[in-house]
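Undergrad: Would you be able to build a 3D model of this:
(chains A, B and C)
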Amino acid sequence: MDRDARRGLLLISPTALYAIALLAAPLAAILLFSFWSQDFLEIDRTLTLKNYREALTEPLYRLLLWRSLLISLAVTVVTVLLAFPIAYFVSFHVRPGRKALWIFLITIPFWTSYLVRVFLWKVILGFNGVLNTSLIGIGVIDEPLTFILYNANAVVITLAHAFAPFAILPIFVALEKIDRSLLEASRDLGESAMSTFFRVTLPLAMPGVVAAVLIVFIPTIGDYVTPRLVGGPDGLMIANMIQTQFLRLNNAPLGAALAVVAMVMVSVVALAFIWLNRRWLGGDGR
Amino acid sequence: MKGRGLFFYAGIYLLFLYAPIILLPIFAFNDSTIIAFPLSGFTTGWFAELATIDALHDAVRNSLFIAVLTAIFSTLLGLCAARAATRYRFPARGGLMTLIMTPLVLPEIIVAVSLLVVMVQLLDLRLSSWTVIAAHTLICTPFCIAILNSSFQNLDASLEEAAIDLGESRFSTFRLVTLPLVMPGIIAALLISFTISLDEFIIAFFLTGSEPTLPVYIWGLLRFPQRLPAVMALGTILVALSILLLIVAEYFRRRGVARAGKEDSGGFL
Amino acid sequence: MTDGARHPIVSLRDVEKFYGSYHALRGISMDIGEGEFFSLLGPSGCGKTTLLRTIAGFEEVSSGHVLLDGQNMDGVAPNRRPTNMVFQSYAIFPHLSVAENVGFGLRRSGLAGDEKARAVDEALAMVGLAGYGARSAQALSGGQRQRVALARALILKPRVLLLDEPLSALDKKMREQMQSELRRLQRHVGITFILVTHDQEEALIMSDRIAVMFEGEIAQLATPQELYRRPVSREVADFIGVMNFLPAEIRMGSGTAVEADIAGLGPAAIDSAQCPGALRPGRAEVGLRPETMTILPEGAPGEGHVAQGVVAEQSYYGDMTYYVVRLDGVDQTVTLSMKNRIGRAVLEPGMPARVSWDPRALLVFSG
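TA: Here you go, the predicted structure:
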C-alpha cells in the first residue's frame, strides 16, 4: 500500500469506524434480534422464525405493510411528478444569477420544524380547516371536503410536501449538467421542442429522477409522525406499528422483524426500479 | 409561452411549500385557543405564555446542548471523510463512503430502533442526551460531507503543493491555505447539522432519556388542545430562527464559492 | 552550449517511475547545468510533467536518484528542496493579496517585516507588477497571475525554477510576449529554469537545451539548432517543425559517400554524416524541411536538382506561402514554404511547379 493510500485510510478511519459502530453493527444487531423472541421482559435468545411468521401472516401486519408500500409509492409518484416541472423551470427558465435564490427558497420550508409543519397540514386539511373554509368562502364547494383528512390521501399530501426538496434537488442537478448545445443540436437536426424534451432532455435527466425516486421512496416507509397526526385509523403505516412494538408492547423482536420486512420490501422495489430503468433506457444509471 | 405556464406552476408550488409556514404566525398571533379560521383578534399572549413554561425551557436547553455537540462532532467526522475522499485514493474507498452516506436514504425509524436495540437491550446503557447526540451525529455527518466535499473539490490541489513548494510543512499548509479556503464550508456544515439536530424528532423520540428534546416536548404538547396556540408561537420562533441560520449558512457557502474563485451552481445538497 | 563545462545543478540517475503497472519514466539519466534554460518537450502523456514533479519532490522515484547540486534528494520533501515551481494553474492563493502571495515563502526566512516588504516590492518590480501588491489576487488577469507566480517562486532565490506549462493558459499574443520576457528574466537572475511544454516552437525559441520525451524516455537531448537540423529519429523529426518524408533506396558508396534514390525526386549523392541513426543499405526514408526547397519561377533555368509537379494545395500566411506539391510520376506530395517577396507570384492549385531541392539538406532515416 503506498503512502497516499495509508494516509487516506488513516484519515477516513474515525468516520468509518463511527459508521461501523453506530450503523453497520446496529443494523446487524436488529437482524439478529428479529430471530429472537420476547416474553414480557424476558428475551429468549434461541433463533426462531416465529416473528417473521407472525409479521407475514397476521392480517393487521399484512395490511399495514401493504398499505405502507402503496402510500410510499403514491408519495413517490406524486412528489416526483410535482417536482420535475419545478426543477425544469429553475434549470431552464431562471436566469443563472437567480438559480441559487430559487433553490434556497425551495429548501427553506424543509428546514423548519417538521412536527409543526405536519401539524399545520392537519389545520389546513381539516373539516373546518383553511382549505375547506377558503373553498366554501369563494363558492367552489358547498360542503366541506372530508376525503382529505384522517386517511391515506392526507398522508400522501403531507409527505409530498415534506419530501419536495429531496425530489427537486437531484433532478435540478441532473438538468443543470445537460450541455445546452445538445438541445440545440436536436433542434438543428429537425426535432420539435416537444420531441427534443422526450428524446434528449428526459433521458439525460433520468439519473436525477432515479435518485429523487429512491431518496423519497425509501425514507417514506419509516415515517410515523405524519400517519399519526393526519392519517387517522385508515392512514396508519408500518412504522407506527414498529414504534408501538418497541415502546408500548415491549416486543422488540417482533418490531425488529417488522422493520426488517419493511426494509426488504422497499429494497426489493427500489432495486427492481433501478433494474427496470436500466433495461428500458439501456443506460447505466449514472 | 411555455416558460410563463411553468412560472405560474412554480408560483402555485411555492404557495404549496410555504402554506404551513405562512399560517404559522397567523395562528400564533390569533387571540383564540382554536386553531382555525375565522381569526378572532391580535394577541402576543401566546408568546408570553412560552416564557412561563419551565419544562419548555429545560427542553430548549437540552436541545441546544445536543445540537451544538452534534454540530461539532459531525463536522469533525465530515471533515475527515470529505478530505480523505477528495484527496486520496485508497482501498475500499467507495464501500466506506457508501456506508458513511447511507443514513441519507435510510428510514430514520430503522436508525432509531437499531440503536435502541444495541444501546438498551444489548449494552444496557441508560438513555440520555448522549444517546441522542450519538445518533444525530450519525445522521448529520452525511450532510456535512456533502457540503465539505464540494468545498474540498473547489480547492485546487496545486494550491497546497505551491505552499509546500514555498517551504511550508504539511501541517502549516493545512493551517495557512486549506483551512482558510474551506472555512466557509465548515461553518455551513456546522449550521446545517445544528439545524437538523435541533429539529429531529423520529430518532430523538426513541433515544431520549428522562430529559426530552424540544421536538419531543412539542410532540407531547400536541395532545393538549389548550396548549396548541403556544405551540404555534413556539413554531413561529423556531421558523424565524432556522431561516436566519439558513441565510447565514447560505452566505458562508456563497462566500466560499466566491473565495475559491468558482461559479456558483447553487444549493446545499 | 552543449556544455558539460557547466556545473551540473540537476542530475538524474536512472530515474524510473511506475504508477501501478504503468511505466511513466523509463531510465532517465541526464545533467542540467547551472544557469541553463532547459526544456522538457513532448506530447501529452510522455512523462515530462511527471519528471518535473519528480525533481520538485511531489512524486517519489520508483528507482534511481535525483541529485540537486550534488546532494541526493531521496526522501527529501518538496519544502526542503532548493527548487521552486510555477504551476500550470499558477496556484495563486485566492484568499491572499498579491503581496501576501509573493511573500508567502518568506514566512520562515527570518527576515524582518520591512525587509520582507522590500523583497516583495523588488520581486514585483522584477516581473513588471510594481504597485500591484495591495490588490486582491482574484482581480488579476491571466498574464498577471503568471507574473505573480513567477515573483513568488523567484523571491526565494531557488537554485532551480521549475515551470509546468506556464504559458499554455495564455492567448497567442500574450504567450509570445511572455516567452521573450521569461527568457530575459532567466538571463537576468541567472537561475536554472526547467520548462515543461508541449509546444515545440516555444521550446525552440526559449531554450538553451531541449530534452524531447516520448513514452517516458528521452528521445533526444540537444540544442534547438541541433534538434531542428539533426533529429536523431523519424519521430523526433516529425515532432519538431514540419518534415517531408519520402521513401528512398540507399546504396553504399566508397568511404562516406552514399547514393540515395528518392521517390519523386530522383537520385542524389549524399554523405553518411547526413544519416543521424544507423545507416543500412536498402529501403529507408529521407526527410526534407519545407524551407530547403523552392519553387522555380516560370522559365527560370533549372540548376542542380529539380523535380516536376503540380500545386495541390496552397496556404497563404502573409509573410509566407505554404504549398503542397504533388510530384510527377509518383503518389507523393511535398510541403514547401516560400517567402512572399515583391514581384513573386503566388501559385494557385492546379498550376504546374518546378521544385528545386538540395541534397545537402537531406536526412536519411533507415527503417
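
Undergrad: Next, count neighbours for the residue in the stretch 1-150 of chain A positioned nearest to chain C.
TA: Residue nearest to chain C within the stretch 1-150 of chain A: A:Arg3 (7.8 Å; Cβ to the nearest Cβ). C-betas here are computed from N, CA, C, even on glycine. When neighbours are defined as other Cβ atoms under 10 Å in any protein chain shown, A:Arg3 has 9 of them.

Undergrad: Tell me how far the closest residue to it other than its chain neighbours lies from chain B.
TA: Spatially, and ignoring its direct neighbours in sequence, A:Arg3 is nearest to C:Glu60 (7.8 Å; Cβ to Cβ, 6 or more residues apart in numbering or on different chains). To chain B, C:Glu60 is 14 Å away according to Cβ to the nearest Cβ, to the nearest Å.

Undergrad: so how far is C:Met213 from C:Glu60?
TA: Taking Cβ to Cβ, to the nearest Å as the measure, C:Glu60 falls 19 Å from C:Met213.

Undergrad: Which of the two has more residues huddled nearby?
TA: C:Met213 (25 against 13).

Undergrad: Contact partners for the nearest residue to C:Val324 once chain neighbours are set aside?
TA: Among residues not flanking C:Val324 along the chain, C:Glu313 sits closest, at 4.1 Å (Cβ to Cβ, 6+ apart). By Cβ atoms under 8 Å, 6 or more residues apart in numbering or on different chains, the contact list for C:Glu313 reads C:Tyr323, C:Val324, C:Pro349.

Undergrad: What helices and strands are in contact with the strand or helix carrying A:Phe89?
TA: Per DSSP states H and E, A:Phe89 falls inside helix A:59-93. Packing partners of helix A:59-93 (3 or more Cβ pairs under 8 Å, 6 or more residues apart in numbering or on different chains; DSSP states H and E): helix A:50-57, helix A:96-107, helix A:152-162, helix A:164-177, helix A:202-220, helix A:238-247, helix A:252-281, helix B:2-28.

Undergrad: helices and strands around the helix ranked longest in chain B, which ones?
TA: In terms of residue count, the longest helix belonging to chain B (DSSP state H) is helix B:54-87. The criterion is 3+ Cβ pairs under 8 Å, 6+ apart, and the helices and strands that helix B:54-87 contacts are helix A:3-19, helix B:93-101, helix B:129-153, helix B:179-199, helix B:214-221.

Undergrad: list the helices and strands the second one packs on?
TA: Looking back up the chat, that one is helix B:93-101. So helix B:93-101, by 3+ Cβ pairs under 8 Å, 6+ apart, packs with helix A:3-19, helix B:54-87, helix B:129-153.

Undergrad: from these, which stretch is densest packed?
TA: Ranked by mean neighbour count, the helices and strands packed on helix B:93-101 are led by helix B:129-153 with a mean of 24 (mean count of other Cβ atoms under 10 Å in any protein chain shown).

Undergrad: Identify the residues contacting the residue most central in space within chain C.
TA: Centroid-nearest residue in chain C: C:Ala203, 2.7 Å away (criterion: Cα atoms, centre = their mean). Each residue near C:Ala203 by Cβ under 8 Å, 6+ apart is listed here: C:Ser39, C:Leu41, C:Leu195, C:Thr197, C:Ile210, C:Pro224.

Undergrad: which SSE is it in?
TA: C:Ala203 belongs to helix C:200-206 when assigned by DSSP H and E.

Undergrad: Show me what counts as buried in that helix.
TA: For helix C:200-206, burial by neighbour count (16 or more other Cβ atoms under 10 Å in any protein chain shown) applies to C:Gln200, C:Glu202, C:Ala203, C:Leu204, C:Met206.

Undergrad: So which residues on the stretch 101-250 of chain B come close to chain C?
TA: Contact residues (Cβ under 8 Å from any Cβ of the partner chain) of the stretch 101-250 of chain B with chain C: B:156, B:158-159, B:161-169, B:177, B:180-181.

Undergrad: re the thing from before, tell me the secondary structure at the residue nearest to A:Arg3.
TA: Following DSSP: H, G, I helix; E, B strand; the rest coil, C:Glu60 is assigned to coil.

Undergrad: so what's the backbone phi/psi at it?
TA: phi -90, psi 140 (degrees, to the nearest 10).

Undergrad: And for the one 3 residues further on?
TA: Reported as degrees, to the nearest 10, the phi and psi values for C:Ser63 are phi -150, psi 170.

Undergrad: do the same with B:Leu222
TA: According to degrees, to the nearest 10, the main-chain angles of B:Leu222 amount to phi -60, psi -20.

Undergrad: closest point of the stretch 51-200 of chain B to chain C, which residue?
TA: With Cβ to the nearest Cβ as the measure, B:Leu166 is the residue of the stretch 51-200 of chain B nearest to chain C, at 3.4 Å.

Undergrad: Which residue is the nearest non-sequential neighbour of that residue?
TA: Nearest one to B:Leu166, counting by Cβ to Cβ, 6+ apart, is C:Gly105 at 3.4 Å.
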